[in-house]
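*Asks:* Predicted model, plus sequence, below.
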Amino acid sequence: MAQQTYLSREGIESLEKELQELKTKKRQEIAKRLQEAKDLGDLSENAEYFEAKEAQSFNENRIAELRGLLKNSVTIEASSKEDIVGIGSTIEVKSDNGTEIFRIVGSAEANPQEGKISNESPLGRAFLGRKIGEELEISAPNGIKKYKIIKIDK
């Protein structure tokens, strides 16, 4: 059985949109490139043809990957417990870096630059099940980081 992937509603919509674009627009673009390359003649030394075939392979692999993710996805529903951090929670914390905002998401949606941290990451796991006012210390590559949860939104 395939591993379940936790995704927010927005994450599912984003992946469905990407899948639709790859299946329609991108496939058509690649088919056009392949036809133009074939029209050039000898395929044995046609770099354009090989590049288009590579793009086609990449596109089809991504389509299969997205289908798998969506097939095995579980929609993250925010916990009904407003005062406990869960998957789908947006939390505001105080740290040595000042105030930071994180959203706990499934690993497929994680994007630390946007403040989206995976529920499977050390930081995400440390926040899960915590309440407002709780303080925690997390071992990071550059030392111990301290956090205090000051707000939880669902």
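*Replies:* That came through, no problem. What you see is a predicted model; the values in this text were computed from it and never measured. Residues are numbered from 1 along each chain as shown.
*Asks:* Every contact and neighbour count from this point should use C-alpha atoms.
*Replies:* Noted.
*Asks:* tell me the domain boundaries of this protein?
*Replies:* Per the record, the chain has its domains at 5-75, 90-153, by automatic domain parsing.
*Asks:* As a markdown table, these with mean neighbour count would be great.
*Replies:* Formatted as a markdown table, the domains of the chain follow (neighbours: other Cα atoms under 10 Å):
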| stretch | mean neighbour count |
| --- | --- |
| domain 5-75 | 15 |
| domain 90-153 | 16 |
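*Asks:* tell me the phi and psi of the spatially most central residue of the chain?
*Replies:* Centroid check for the chain by Cα atoms, centre = their mean gives residue 109 as the closest residue, at 2.1 Å. Phi and psi for residue 109, reported as degrees, to the nearest 10, are phi -100, psi -10.
*Asks:* Could you double-check that it sits in contact with residue 11?
*Replies:* Yes: the criterion here is Cα atoms under 8 Å, and residue 109 meets it with residue 11 at 6.4 Å.
*Asks:* if we can go back for a sec, OK, contacts around the residue nearest to the centre of the chain?
*Replies:* Shown in contact with residue 109 (Cα atoms under 8 Å, 6 or more residues apart in numbering): 7, 11, 116, 118.
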